[in-house]
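Q: sequence and predicted structure below; questions after.
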Amino acid sequence: MSQSHSQSARQALSARWIPCLHTGCHCWFKTASRLKHHKSSFHNYSFHKSGLPLHSPPAGPAEGTTRDYHEKVTGRKCDSNGQYIDPNSPLPPLFKRSSNDWGPYGSQLHFETAEFIFREAEMSASKIDKLCHLWGHSSSGGQPPFTDHKELYKTIDATEVGDVRWNSFKLKYNGERPADNIPPWMDKAYEYWFHDPLSLVENILANSEFHGEFDYSPYWDFTTGDSKQRFENFMSGDWAWSQVDAIARDPSTHGATFVPIILGSDKMTVLVATGQNNYWPVYLSVGNIHNNVRHAHHSGVELLAFLVIPKVAKKYTDDPAFWRFKKQLFHVAMSKILGSLKACMMVPWVMKCPNDHFHHVICGIGLYIADYLEQVLISGIVQNWCGRCTTSPNDLNASGPPCMAELMRALIEELQASVAWDEWGIDANVVLIKGGFKDHLVEWVGKYLELVYGKAGAKEWLADIDCRIAAAPPFPGLRRFPDGRGFSQWTGDDSKALMKGHVPCNIVQTFRTFLEFCYIVRQNVITKDTLSDLKMALDRFHCYREIFRDIGVCIDGFSLPHQHSLVHYGALIRLFSAPNESKHIVAVKRPWWRSSKHNALGQILQTNQCLTQLAAAHADFEACGMLPLSHTRDSVSSQDPQHDAVPQSDREMSGTTEGLNNGEDEDECAGIVDEWPILAHSDVKLARCHAHGHARSVPALAIELGIPTLPRLVSEFLYEQLHCEPISSPSHPRRLPVFTGPLKVFHSATATFVSPSDPSGIGILCFFSFVYTNGYSYPCALIHWFECIADEPDGLMGMWMVKPSFVDDGVKNLSIIHVDSIVHNTHLLPIFGQERVPPYINLHNSLDIYHSFYVKPFC
């Protein structure tokens, strides 16, 4: 990269006064990155630092789109008695508790202690008892807010808001029994625990934090100009519109709000080593909430129930009667669990909604998200058949006629059970996608290597892939396997690079096209063009996978339900857009780990109950002004650009910064943080505590890092932050600002990213911060620029290739940037080439040893 290219890269981050052109916004910013950060936070969906979405204006069409709302089921406002009111009517009077009414907690100290111990620290009962004991015997003589864990649990349990109690019922086999040797499962009673789904729906709708991220009526979005339909949130899909068309046949529903119910489940094992700790949680959400909020918000998806996983002795596992019983057990249980929803599926109910107004609400079961084996159970089909079409399991290469509920009922009524089973794949005894990668493609690669190299040779090549996994640089969210742990653990885009050079190009292309398909369907916004790209990726995948048939790995073809389901994704996106979310970690895994592990289900239920009540209490106290608002926005005047959109509370600190540069032990919070500290579309924050034992001045840090040009880089950074022109401008002064005060080095930073990354990028060498004489605190990153090796992605891999950038004299192309300029993180995977990975290369040195890297195109 040339010096001019380096300057132009810095120019994108240089200082200038830029207005926000969004209607009604009067903010000005010194850098383009700050403007982008502001726009993505205030004029797009945004997140609070805790993961909660911010209040925003009512949802409307995105820029460049037009929206058509349904004409009859329109989501009109009404009063608590159900009488429709004027759309511009003021909010009804809200109950407001007195400022010292902390309910069962008694005081703010007691509540915040309970929240910290139970929700944030996730302490076990024994640790809570120890903390209370130490607190009570401390030298200060203060009494702990709670004497032990029992008092804490009792206090939380007395919280009235958010209190949806667990209910239970038992089911037992009542069919025909053999004369003797009755199987134990026929006598056993199976207990189910569940929340009332109607109460969960009422709680979700009453949550005002969803205001502005909630749709009250189905709609269709179209791009302006070419009028192509745009799919994003659930209510933009065709299914919600078609359901409302059917509902609107009843005039009494006109003006109501349609609330689609989204269900999902997934069997899971918490810890294999201690036995069968299997759980089957079922989750509930509503389709009105926007995808980004459902994904981030703790109350966007609620835990509905724990289903029973019947266990029997091995000799009964293949008993047809037991299999039928398990299916019937599931359907009867779900019917009882969802029973309370029937009332508001027939007649609209008056419920409070996120805008704090009442609406007529009519519910409908939208979709059930589950893996293939659960789909077999839910839809009543035979395993290896498709639940969405009537294609024979012997020929699943294409889509067949749809398998409608009416068709299934007619076949069950007209055909014998054996005929329905064999010829139509329907289980008449039941009325009513990770798999594609790990279960198929990886297994096929292993078989290919065995065919070509034999079992011993295949193990050697797989061992080298393990070495590549072990040498992969660290990345947030990527599980670390120092010894490899097997290729099947990698289900992401990087897996292509792990095997390049070990298998034919068409196999790499098979992985590439399959993963491209997976990334496309995970996009937040999908248009007609996206659906075309999706179909092209699927067609290419079907073409390239033929190599596995040609080389003898899949002689019988590809009639596989997991892969066949891909042909239905386009239609499903049109129907339901792109709903998402799972709560396994919060709802099951973490509560299990903090339990005693003995009869853990009851403890898991109690933990989830307490977490829900604490969250509801926090929101209630915050709404009453008893807790500091966690997402307050301060208006900023466009006439005062000196403050660069800094919150008023931070501006008032500017008079307290005298002498900050005179000592090294300044307060951790000293200085004005020139940022919106709690808003994020792409948000990077330095660690709370700085690293000890490192340099505390610029010259010392230059020596520690071996970068003698660091003082000049700091001066250039300050110039670009303080002035309205880039450092590359010919009019910049000969004397750059000099910083001689203390600084702090940080080992890490936390990041929240929602937007895609640029294919080129940076390598961060050091995080540090300092307070300048103007009183502002500057969190910075010393970075080494990377540049693209080519102008387009690699033709085989479909991934960008980058390399570290150097200026003309061979010196590293370094800069210092504000952490707000970091838009997204991305994973650099070394380009391993044909050679095997030497044993001395590991995750700690691979970025230094290799000189070129792959960057995946989907981030």
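A: Yes, it's here.

Q: what's the neighbour count on residue 259?
A: 29 (other C-beta atoms under 10 Å). C-beta: built from backbone N, CA, C; applies to glycine.

Q: so what's the gap between whatever helix or strand it lives in and the chain middle?
A: Assigned by DSSP states H and E, residue 259 belongs to strand 257-265. Distance of strand 257-265 from its chain centroid, counting by C-alpha atoms, centre = their mean, to the nearest Å, is 19 Å.

Q: and if you look at stretch 791-798?
A: 28 Å.

Q: list the contacts for residue 814?
A: Applying C-beta atoms under 8 Å, 6 or more residues apart in numbering to residue 814 gives the contacts 707, 709, 713, 765, 782-785.

Q: what's across from it in the sheet?
A: residue 784 (DSSP bridges).

Q: can you pull the pLDDT of it?
A: Residue 814 carries a pLDDT score of 91 in this model.

Q: same deal with residue 367?
A: On pLDDT, residue 367 comes in at 82.

Q: so it: helix, strand or coil?
A: strand (DSSP: H, G, I helix; E, B strand; the rest coil).

Q: give me the beta-bridge partners of it?
A: residue 262.

Q: which of the contacts of residue 814 count as buried?
A: Using 16 or more other C-beta atoms under 10 Å as the burial test, those include 707, 713, 782-785 as buried.

Q: could I get the residues you listed as CSV with distance to residue 773?
A: Formatted as CSV, these follow (distance: C-beta to C-beta, whole Å):
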residue, distance to residue 773
707, 24
713, 19
782, 21
783, 24
784, 29
785, 29
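
Q: what's the closest of the residues you listed to residue 811?
A: Nearest to residue 811 among these is residue 707, at 9.8 Å by C-beta to C-beta.

Q: in a helix, that closest one, correct?
A: No: counting by three-state DSSP, residue 707 is located in no helix; its state is coil.

Q: residues contacting it?
A: Counting by C-beta under 8 Å, 6+ apart, residue 707 touches 713, 765, 782, 814.

Q: nearest to residue 98, of these?
A: Checking the contacts of residue 707 one by one against residue 98 (C-beta to C-beta), the nearest turns out to be residue 782, at 52.2 Å.

Q: give me the element that closest one is part of.
A: Using DSSP H and E, residue 782 maps to strand 776-788.

Q: burial count for residue 187?
A: 10.

Q: for it, what are its contacts?
A: Listed by C-beta under 8 Å, 6+ apart, the contact set of residue 187 reads 172-173.

Q: give me the pLDDT for it.
A: Value for residue 187, per-residue pLDDT: 89.

Q: can you give me the pLDDT of the residue nearest to residue 799 when sequence neighbours are not counted?
A: Excluding the flanking residues, the one nearest residue 799 by C-beta to C-beta, 6 or more residues apart in numbering is residue 854, at 4.4 Å. What the model reports for residue 854 is a pLDDT of 88.

Q: next one: residue 328
A: 86.

Q: where does it fall, helix, sheet strand or coil?
A: Following three-state DSSP, we place residue 328 in the helix state.

Q: lowest confidence element among the helices and strands of this structure?
A: helix 648-651 (a mean of 29; mean pLDDT, DSSP states H and E).

Q: now do the contacts for residue 238.
A: For residue 238, the contacting residues are 574-575, by C-beta under 8 Å, 6+ apart.

Q: all helices of the stretch 551-700 of the chain, in order?
A: 561-564, 569-576, 584, 590-593, 600-623, 648-651, 698-705 (DSSP state H, counting those that start in this stretch).

Q: a markdown table for these, including distance to residue 101 and mean neighbour count?
A: Listed next are the helices of the stretch 551-700 of the chain as a markdown table, based on distance: least, C-beta to C-beta, whole Å; neighbours: other C-beta atoms under 10 Å:
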| stretch | distance to residue 101 | mean neighbour count |
| --- | --- | --- |
| helix 561-564 | 55 | 21 |
| helix 569-576 | 43 | 18 |
| helix 584 | 36 | 14 |
| helix 590-593 | 30 | 18 |
| helix 600-623 | 9 | 20 |
| helix 648-651 | 27 | 14 |
| helix 698-705 | 52 | 16 |
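
Q: with distance to residue 544 added, can I get those helices in TSV?
A: Formatted as TSV, these follow (distance: least, C-beta to C-beta, whole Å):
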stretch	distance to residue 544
helix 561-564	13
helix 569-576	18
helix 584	33
helix 590-593	41
helix 600-623	44
helix 648-651	55
helix 698-705	46
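
Q: SS state for the residue of the chain positioned farthest from its centre?
A: Residue farthest from the centre of the chain, counting by C-alpha atoms, centre = their mean, is residue 179 at 53.5 Å. Following three-state DSSP, residue 179 is assigned to coil.

Q: okay, strands next: where are they in the stretch 301-450 of the chain?
A: 302-307, 349-352, 358-369 (DSSP state E, counting those that start in this stretch).

Q: the strands in the stretch 751-859 of the chain, which residues?
A: Counting by DSSP E, counting those that start in this stretch, the strands of the stretch 751-859 of the chain are 762-771, 776-788, 800-804, 814-818, 828-830, 853-855.

Q: quick one on the thing from earlier: out of the strands of the stretch 301-450 of the chain, nearest to residue 244?
A: The nearest among the strands of the stretch 301-450 of the chain, by C-beta to C-beta, is strand 358-369 at 9.0 Å.

Q: so what's the residue count around residue 245?
A: 13.

Q: quick one, the helix or strand where it lies and helix 569-576 angle?
A: Assigned by DSSP H and E, residue 245 belongs to helix 238-247. Here helix 238-247 runs at 40 degrees with respect to helix 569-576, directions being taken by axes from the mean of the first three to the mean of the last three C-alpha atoms, to 10 degrees.

Q: just checking, what packs against the lengthiest helix in the chain?
A: In the chain, assigned by DSSP state H, the helix with the most residues is helix 442-471. Packing partners of helix 442-471 (3 or more C-beta pairs under 8 Å, 6 or more residues apart in numbering; DSSP states H and E): helix 495-499.
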